[in-house]
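Engineer: next comes the sequence, and after it the predicted model I'd like to discuss.
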Amino acid sequence: MESEEKDGRNDNNSSKNTNTNTNTRQSIHAAKNSVVATSISTAEASAPSRKKASFCSERSPYFSREDTPLLLSIAQHISIGATTLAIRLFMNTYGEYHIEDDEHYQHFITLVLGGDGRNTNSVNNDCSNDTKKKVTKAPLITISNHRSLFDDPGVVSCLLPLWIGIRPKYNRWGICSQEYCFNDALPSFIKGYIGAGQVLPIQRGAGIDQILFRDFAALVARGEWCHIFPEAGVWQWKSLGGRGRQHLAEEEASNVNHDVWKSKSSKLKYGIGKLIAHAPITPRVVPFAHVGMENLLPQDLVTRKTFLKKDFWRGDPLKVHIRFGAEIVFGDLIDEYEAKHGELWKFSSEASSASASANATSSHFESSTSEKELYMKITARVEEHLEEVANITVAQK
């Protein structure tokens, strides 16, 4: 009897220890989850508040092409179609524009239409063992110099043949500073028209980790065509933008040793590097340059403010020249980074823009020091190719 009682007590103690260990593990697990949730909440709190951002909802409102509501689809067709037709009419009556119709331009058109390997079929097996083919689209990013505030839509709306250019599914997504395109002083109808034209707001000075830039990156991840001006401002110099050289006159800046300047800072902002690095499929990146729009909206080289040209009706007609460059590749830079630092975090290509953006929590989207170094390398390569085509184009002015 005594031994049985001891065995019973031992069993009870063993059971209590097991329960205690289980409770302890559960508490630790809960604590870890709490810490993670707290860190994500803290990161979100430190990001620019979407509620405080003009013309923005708390949650990303953008839909995949397949899930776009009928009314939004109609609004996109009206906005893009009307804008494209109006710009073409203006450019062909007030002046003229010319695109170098070479192999680089034809390659760009092919990519817009989904050719040259941009659209690929992947096979998915679901639980019922039914094999389905799904089209996976590589993102397309175009980059260009920024000669005036009217470059988009003034130049961008003229890039495609008209039968393509009036169709939203073949059009670019762009970003525009809130102070210009989504200012609170603008009527809601105007802001809605701009938004329906596939333009997203961006908050100047909020950095590359901001929520609004994350929305744009999610569109890249989804395989859309996205256009960006990596100079992040209007520069009407003969060379690419003078970021970091604003205090110098153009003549002085042009005399700065290029190798020394390049080692200190890029002429472009490295947000373009972030868009490329974290896409689930490395984007197809095509540069183009244009010249002539500065004659419509000239810029004061001291204050950098732009204004409508004098003698608008009786002055010289507007002449815009556009040239495309060769596609830029970055696979070697990404492979080099991953060999040293491990696999990069990537967006999910399965989700719509809204859910893809939600998938990218701030703890993921916030860039590390090593990632920023990768962005800089990618941006340096972009700058090299864009400057080459820009120098040729501007020299033909």
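Structural biologist: Cool, got the structure. Residues are numbered from 1 along each chain as shown.
Engineer: looks like L113 contacts R167 (just checking).
Structural biologist: No - using Cβ atoms under 8 Å, L113 is not in contact with R167; the gap is 10.6 Å. C-beta coordinates here come from the backbone N, C-alpha and C atoms, glycine included.
Engineer: low-confidence ranges in the stretch 251-397 of the chain?
Structural biologist: The stretch 251-397 of the chain contains residues with pLDDT under 70 at 251-265, 349-363, 397.
Engineer: where do the helices sit along the stretch 151-300 of the chain?
Structural biologist: 151-154, 162-165, 178-181, 188-196, 211-221, 250-254, 258-264, 271-277 (DSSP state H, counting those that start in this stretch).
Engineer: which one of those helices lies nearest to S73?
Structural biologist: Nearest to S73, of all those, is helix 188-196, at 9.5 Å by Cβ to Cβ.
Engineer: chain center to the closest one, what's the gap?
Structural biologist: Mean-position distance between helix 188-196 and its chain equals 20 Å (Cα atoms, centre = their mean, to the nearest Å).
Engineer: flag every buried residue along that helix.
Structural biologist: Within helix 188-196, the residues that count as buried by 16 or more other Cβ atoms under 10 Å are 191, 193-196.
Engineer: cool, and stretch 326-345?
Structural biologist: Buried, per 16+ other Cβ under 10 Å, within stretch 326-345: 327-328, 330, 333-334, 337.
Engineer: alpha carbons of it, as PDB, please.
Structural biologist: Provided in PDB are the C-alpha atoms of stretch 326-345 (Å, rounded to 0.1, in the frame of the first residue of the first chain):
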ATOM      1  CA  ALA A 326      19.100  48.900 -74.000                       C
ATOM      2  CA  GLU A 327      17.500  46.900 -71.300                       C
ATOM      3  CA  ILE A 328      19.400  46.800 -68.000                       C
ATOM      4  CA  VAL A 329      20.100  43.600 -66.100                       C
ATOM      5  CA  PHE A 330      20.900  43.200 -62.400                       C
ATOM      6  CA  GLY A 331      21.000  39.400 -61.800                       C
ATOM      7  CA  ASP A 332      24.700  39.500 -61.000                       C
ATOM      8  CA  LEU A 333      24.300  42.100 -58.300                       C
ATOM      9  CA  ILE A 334      21.400  40.300 -56.600                       C
ATOM     10  CA  ASP A 335      23.300  37.000 -56.800                       C
ATOM     11  CA  GLU A 336      26.300  38.600 -55.300                       C
ATOM     12  CA  TYR A 337      24.300  40.000 -52.400                       C
ATOM     13  CA  GLU A 338      22.500  36.700 -51.700                       C
ATOM     14  CA  ALA A 339      25.700  34.800 -51.700                       C
ATOM     15  CA  LYS A 340      27.100  37.100 -49.000                       C
ATOM     16  CA  HIS A 341      24.000  37.900 -46.900                       C
ATOM     17  CA  GLY A 342      21.500  35.200 -47.700                       C
ATOM     18  CA  GLU A 343      18.200  35.300 -49.600                       C
ATOM     19  CA  LEU A 344      16.500  38.700 -50.000                       C
ATOM     20  CA  TRP A 345      13.000  39.200 -48.700                       C
END
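Engineer: how close does L160 sit to T142?
Structural biologist: As judged by Cβ to Cβ, to the nearest Å, L160 and T142 stand 11 Å apart.
Engineer: neighbour count: these two, which is higher?
Structural biologist: T142 (23 against 20; other Cβ atoms under 10 Å).
Engineer: ok, the closest residue to the more buried one other than its chain neighbours - how many residues close by?
Structural biologist: The shortest distance from T142 to any non-neighbouring residue, by Cβ to Cβ, 6 or more residues apart in numbering, is to H227 (4.7 Å). Using other Cβ under 10 Å, H227 has 23 neighbouring residues.
Engineer: correct me, but H227 touches L140?
Structural biologist: No - at 9.1 Å, H227 does not count as touching L140 under the criterion of Cβ under 8 Å.
Engineer: isn't G154 up against G292?
Structural biologist: No - contact between G154 and G292 fails when scored by Cβ under 8 Å: they sit 9.8 Å apart.
Engineer: which residues are common contacts for the two?
Structural biologist: V320 (Cβ atoms under 8 Å, 6 or more residues apart in numbering).
Engineer: how close does I194 sit to L200?
Structural biologist: 10 Å.
Engineer: who touches both of those two?
Structural biologist: Counting by Cβ under 8 Å, 6+ apart, the contacts common to I194 and L200 are C176.
Engineer: buried sites along the helix or strand where K377 lies?
Structural biologist: Element membership of K377 [criterion: DSSP states H and E] is helix 369-395. Residues 371, 374-375, 377-383, 385-387, 389-390, 393-394 are the ones in helix 369-395 that count as buried (16+ other Cβ under 10 Å).
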